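Asker: model the structure of this input:
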Amino acid sequence: MKNPFLFLMIFLAFLLLIIFLYSRFIGTRGLYVKEYTISNQQLPIHFHGLKIIHLSDLHFGDFINEEKMKKIIEKVNLINPDIIVFTGDLIENDLNKNEKEILTNSLKELDARLGKYAVGGNHDLEYDYWQDIIEDGGFQNIEEKTALIYDQAKKPILIYGLSPNLNNDQTPQQKLANFNKSLEENPDLKNTYKILLMHEPDFVDDFDFQNFNLILAGHSHRGQIRLPFLGPLLLPKGATKYYDEFYQLEKTKLYISSGIGNSQVNLRLFNRPSFNFYRIIN
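Answerer: Next up is the predicted model:
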């Protein structure tokens with residue numbers, strides 16, 4: 001070709017087309033399970049080997065449908081988890097009656113021996129019925145609530161949840177009032193293993209995160225579109241500091257789900273849909 005500049009433009013356009021097609025039709029497919037082993041001496045011996053499934057950012061509707069939900073259910077139940085947690089953005093856009101029923105019935109099929117717990121995400125705030133879907137699906141909404149799990153042991157583990165913090169009048173510290181009250185009323189809980197569920201991980205800096213052994217969050221999608229060596233191209237507000245899979249914050253472990261669904265655009269690059277599986281040992 002006599003014009004090298006034209007050749008370069010054609011090559012770049014072709015390359016961008018290939019990347020777009022890959023991101024749309026291959027990068028968004030499949031479902032990976034990211035497995036982590038977490039060791040902590042505060043865990044009661046009875047809970048040794050506790051299995052927790054961490055789901056997040058489903059964005060049901062535009063990007064996740066009934067067929068994909070069946071695959072999620074199959075993979076989750078195959079692990080036989082003790083606890084399932086969900087850290088927000090259940091839905092993407094307004095759902096019709098049929099979609100609500102499909103999502104509710106799908107959540108019902110997720111099995112967890114010791115219970116299913118959830119908090120909402122910033123997308124969920126637009127639709128009050130997300131809470132009905134979660135609760136009718138067998139999940140306990142623990143926004144600003146404490147859940148104690150004993151499993152026939154004298155000493156429980158504690159799970160607390162924070163509602164979404166973007167565009168919220170209350171600070172995370174104010175939302176922890178019920179958590180602090182639980183510790184004041186029962187001093188024995190201060191030495192329990194504590195798990196916090198939240199959506200936007202950047203807000204972890206707005207309270208004393210060391211009160212929790214484990215913090216589970218979502219929202220970042222790990223960037224959704226990533227490039228080798230460069231990392232995420234775009235990050236949502238509330239996940240620009242903490243967006244990767246894991247952070248050690250002094251003695252507290254922060255894990256962030258890369259998410260199952262997609263937000264805004266149905267594209268993923270070098271960042272396949274996934275959920276986290278934690279095996280906690282004493």
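Asker: tell me who's in contact with the closest residue to V119 other than its chain neighbours.
Answerer: Leaving aside its chain neighbours, V119 sits nearest to G161 (4.1 Å; criterion: Cβ to Cβ, 6 or more residues apart in numbering). Where you see a C-beta, it was placed from the backbone N, CA and C, and this is true even at glycine. G161 makes contact with Y117, A118, V119, N141, I142, E143, E144, K145, L196, L197, M198, according to Cβ atoms under 8 Å, 6 or more residues apart in numbering.
Asker: I280 looks like it's in a strand, true?
Answerer: Yes: under DSSP: H, G, I helix; E, B strand; the rest coil, I280 sits within a strand.
Asker: didn't it look like it was pressed against N40?
Answerer: Yes: between I280 and N40 there is a contact under Cβ atoms under 8 Å: 6.7 Å.
Asker: what about the most centrally placed residue in the chain, distance to S182?
Answerer: Nearest to the mean C-alpha position of the chain, counting by Cα atoms, centre = their mean, stands S56 at 2.9 Å. From S56 across to S182, the span is 25 Å (Cβ to Cβ, to the nearest Å).
Asker: cool, N266 as well?
Answerer: In terms of Cβ to Cβ, N266 sits 41 Å off from S182.
Asker: which strand or helix spans the spatially closest residue to Y129 that is not a sequence neighbour?
Answerer: Once flanking residues are discounted, Y129 sits nearest to K100: 6.8 Å by Cβ to Cβ, 6+ apart. Using DSSP states H and E, K100 sits in helix 97-108.
Asker: please save the CA atoms from that helix in PDB.
Answerer: C-alpha atoms of helix 97-108 as PDB (Å, rounded to 0.1, in the frame of the first residue of the first chain):
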ATOM      1  CA  LYS A  97     -43.900  -8.300  36.400                       C
ATOM      2  CA  ASN A  98     -42.600 -11.400  34.600                       C
ATOM      3  CA  GLU A  99     -38.900 -10.400  35.100                       C
ATOM      4  CA  LYS A 100     -39.600  -9.800  38.800                       C
ATOM      5  CA  GLU A 101     -41.000 -13.300  39.200                       C
ATOM      6  CA  ILE A 102     -38.100 -14.800  37.300                       C
ATOM      7  CA  LEU A 103     -35.600 -13.100  39.500                       C
ATOM      8  CA  THR A 104     -37.400 -13.800  42.700                       C
ATOM      9  CA  ASN A 105     -37.800 -17.500  41.900                       C
ATOM     10  CA  SER A 106     -34.100 -17.700  40.900                       C
ATOM     11  CA  LEU A 107     -33.000 -16.300  44.200                       C
ATOM     12  CA  LYS A 108     -35.200 -18.800  46.000                       C
END
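Asker: neighbouring contacts of that helix?
Answerer: By Cβ under 8 Å, 6+ apart, helix 97-108 touches 60-61, 65-66, 69-70, 72-73, 90-91, 95, 116, 129, 133-134, 136-139.
Asker: report the secondary structure state of Y243.
Answerer: Quick answer, by three-state DSSP: Y243 is coil.
Asker: that one: how many residues sit nearby?
Answerer: Residues near Y243, counting by other Cβ atoms under 10 Å, number 22.
Asker: check Y129 too.
Answerer: Applying other Cβ under 10 Å, I find that Y129 has 14 neighbouring residues.
Asker: for it, grab phi and psi.
Answerer: phi -70, psi -10 (degrees, to the nearest 10).
Asker: try I84
Answerer: According to degrees, to the nearest 10, I84 has phi -120, psi 130.
Asker: you'd agree it is up against L114?
Answerer: No: in this structure, I84 is not within contact of L114 by Cβ under 8 Å, at 9.2 Å.
Asker: okay, the two: which has more neighbours?
Answerer: The neighbour count for I84 versus L114, taken as other Cβ under 10 Å, is higher for I84 (26 against 19).
Asker: can you pull out the helices in the protein?
Answerer: Counting by DSSP state H, the segments of the chain that form helices are 4-25, 66-79, 97-108, 130-136, 172-175, 177-185.
Asker: just the contacts of G161: which are in strands?
Answerer: Under the assignment DSSP state E, those contribute Y117, A118, V119, N141, L196, L197 to strands.
Asker: of the residues you listed, which pair is most distant in space?
Answerer: Farthest pair in these (Cβ to Cβ) is N141 and L196. Separation: 14.9 Å.
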